[in-house]
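Asks: With the sequence up front, the predicted model follows.
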Amino acid sequence: MGDTEITLETYDKHHVKVPKTIATRSAIINMMIEDTGDTNEVVPLADKSCTLNIIQRVVEYLKKHAEFEAQGADDEVMNNYDKEFQEQSDEIIFQTILAANFLDIKNLLELMCKKVADEIKKCKTPDDIRARFNIRQDYTPEEVEEVKRAHPWIYDKHAK
C-alpha cells in the first residue's frame, strides 16, 4: 500500500500532491496535519514565498534527502546533490530560504543560507557585497565617509 498523499495549496493557488512522509518533514506542515487530524484536507501555504515553482523545488529536495536516508547514501553523494541544488539564480535562492524558513525545514534553510554566506565571503568590501546582490546604497556620501572613518578595516581591500 502506498504512502498517503497530502495536497498542498501554494500561495499562487496551485495544488501539489505530496506523500505524507515527505510533507511532514516540514515541521509546520506536520503541525497543521496533526492539528486537523485530516490528511484529506488541503493544506494552504499562506506565505508568498511558497509559489508553485518554489514548492516543487522544496519537495524535490525533501524527496531526494528521503531517498538518501533510505539508501544510506554517503556524505559525498549528498554533498554533490546539495551543491548542485544550490546552483540557482539569486531570486530562487532567496525565495527558497524564505519558504524553508516558513515551512520550518532546518536543513534546507541552512543549506541555502550557506550558499548566500559563501557568496558574501567572496566579496572583499561592503561595496562588493552591494554590487554582488544588487543592493541599493542608502547612505549619503557623507554618511559613507563617516562609516569609513569610524571603521576603516571594513574598507581595507587588503584585509583577509
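Replies: Noted; the coordinates are in hand.

Asks: where's the residue nearest to the spatial centre of the chain, which helix or strand?
Replies: Among the residues of the chain, the one closest to the centroid is Ile97, at 2.4 Å (C-alpha atoms, centre = their mean). Using DSSP states H and E, Ile97 maps to helix 90-103.

Asks: repeat for Lys64
Replies: helix 52-71.

Asks: cool, and Val18?
Replies: Assigned by DSSP H and E, Val18 belongs to strand 15-19.

Asks: Tell me the spacing between Phe68 and Val77.
Replies: As for Phe68, its distance to Val77 is 7 Å (criterion: C-beta to C-beta, to the nearest Å). To be clear about C-beta, it is placed using only N, CA and C from the backbone, and glycine gets the same treatment.

Asks: the more surrounded of those two?
Replies: More crowded of Phe68 and Val77, by other C-beta atoms under 10 Å: Phe68, with 16 against 11.

Asks: neighbours of the nearest residue to the more buried one once chain neighbours are set aside, just the number please.
Replies: Excluding the flanking residues, the one nearest Phe68 by C-beta to C-beta, 6 or more residues apart in numbering is Met78, at 5.2 Å. Met78 has 15 neighbouring residues, counting by other C-beta under 10 Å.

Asks: Same check on Lys13?
Replies: Lys13: 9 neighbours (other C-beta under 10 Å).

Asks: then the helix or strand that comes right after the strand holding Val18 to CSV, C-alphas only?
Replies: Per DSSP H and E, the first helix or strand lying C-terminal to strand 15-19 is helix 20-23. Extracted C-alpha coordinates of helix 20-23, given in CSV (Å, rounded to 0.1, in the frame of the first residue of the first chain):
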residue,chain,number,x,y,z
LYS,A,20,2.7,12.4,3.7
THR,A,21,6.1,11.1,4.8
ILE,A,22,7.7,13.8,2.6
ALA,A,23,5.4,16.7,3.5
